[in-house]
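[1] what's the 3D shape of this:
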Amino acid sequence: MKVTAIAGSPRVNGNTEILINEAIRAVTQLGCPVELFVPHTMNLAPCSNCGGCEDSGRCVIDDDMEAVYRAIYTSERFIVASPIFFFGLTAQLKGLIDRCQALWCEKYLLGRPIPQGQAGRKGLLLMVGGMDKEIGFKSGGATATAFFRTISVPTHETIYFTKVDSAGAILSHPTALKDVYEAAQRLLL
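    From the prediction side, this is the model:
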C-alpha cells in the first residue's frame with residue numbers, strides 16, 4: 001500500500017514536520033512506502049483559474065505538481081499536515097490543493113473519479129496551532145476535507161493540537177507523538 005504525505009509548513013524542523021515525520025515513521029515501520037511532498041520547497045505555480053482543465057481533467061501548467069498528481073493517482077493512503085495560519089492551512093499547502101482543481105474537474109465535470117482500488121482510499125489530517133479556539137482547525141479542516149473528497153478519499157481522521165506555537169513545542173505535549181503514531185497505524189487498516 002503506497003502512502004502520499006504532504007507537509008504544509010514552511011518552517012524547517014517545526015511542529016508540523018515533527019508530527020508528519022512521526023506518522024511516516026509509523027507507516028514505514030509497517031512496511032509501506034511513503035512519498036513526501038513539501039510544497040514550500042517545490043516549483044508550484046498557483047492555479048490561475050484558466051479553465052484549461054475543464055475539458056480534460058488535466059492541468060495545463062507544467063511544474064512539480066505533475067509528481068503530486070502521479071502520487072495521488074497511485075496511492076491509497078494520504079497524510080496531510082499543516083500549521084494553522086490565520087484560521088487556515090498554510091498558503092503553500094493551499095496552493096497545492098488549489099492545483100487539484102484539475103482533479104475536481106475530472107471527477108465532477110467529466111464523471112471520472114479516481115478509482116477506490118482494492119484497499120480503498122483513506123486519509124489522515126494533522127494540524128497544529130498556537131490558538132486555543134477550534135475555529136481555525138475547523139476552517140483548515142473544511143479545506144482539507146474538500147481536498148480529500150476531490151481525490152476520492154471518502155474518509156479521513158483528523159487530529160489537531162492547540163496552544164502549540166514555538167518551534168519544537170509539540171515535543172512537550174504529553175501525548176502528541178503517541179497519538180499521531182497510532183493514527184498513522186490506523187490509517188493502514
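[2] Against P46, how distant is the residue nearest to F85 when sequence neighbours are not counted?
    Excluding its sequence neighbours, the residue lying closest to F85 (C-beta to C-beta, 6 or more residues apart in numbering) is A91, at 7.4 Å. For the C-beta atoms, the positions are set from N, CA and C on the backbone; glycine is no exception. A91 sits 9 Å away from P46, going by C-beta to C-beta, to the nearest Å.
[3] quick one, phi/psi of the residue nearest to F85?
    phi -60, psi -40 (degrees, to the nearest 10).
[4] returning to what we had before: A91 and P46: which is more packed in?
    A91 (16 against 12; other C-beta atoms under 10 Å).
[5] Off-centre distance for whatever helix or strand R70 lives in?
    Using DSSP states H and E, R70 falls within helix 65-74. Remark: helix 65-74 is offset 13 Å from the chain centroid, using C-alpha atoms, centre = their mean, to the nearest Å.
[6] For that helix, give me every contacting residue.
    By C-beta atoms under 8 Å, 6 or more residues apart in numbering, the residues outside helix 65-74 that reach it are 2, 4, 6, 35, 37, 42, 44-45, 59, 78, 96, 99-100, 102-103, 114, 151.
[7] change it to 10 Å
    2-6, 34-37, 39, 42-45, 47, 58-59, 78, 95-96, 99-100, 102-103, 114-115, 117, 121, 147, 150-153 (C-beta atoms under 10 Å, 6 or more residues apart in numbering).
[8] Can you tell me the centre-most residue of the protein?
    By C-alpha atoms, centre = their mean, the chain has its centre lying nearest to V80, at 2.4 Å.
[9] Contact partners for the residue nearest to F86 when sequence neighbours are not counted?
    Among residues not flanking F86 along the chain, G136 sits closest, at 7.7 Å (C-beta to C-beta, 6+ apart). When contacts are counted by C-beta under 10 Å, 6+ apart, G136 touches 83-89, 127, 129-130, 160, 162.
[10] Roughly how far does the residue nearest to the centre of the chain sit from A67?
    For V80, the distance to A67 equals 16 Å [C-beta to C-beta].
[11] do E157 as well
    25 Å.
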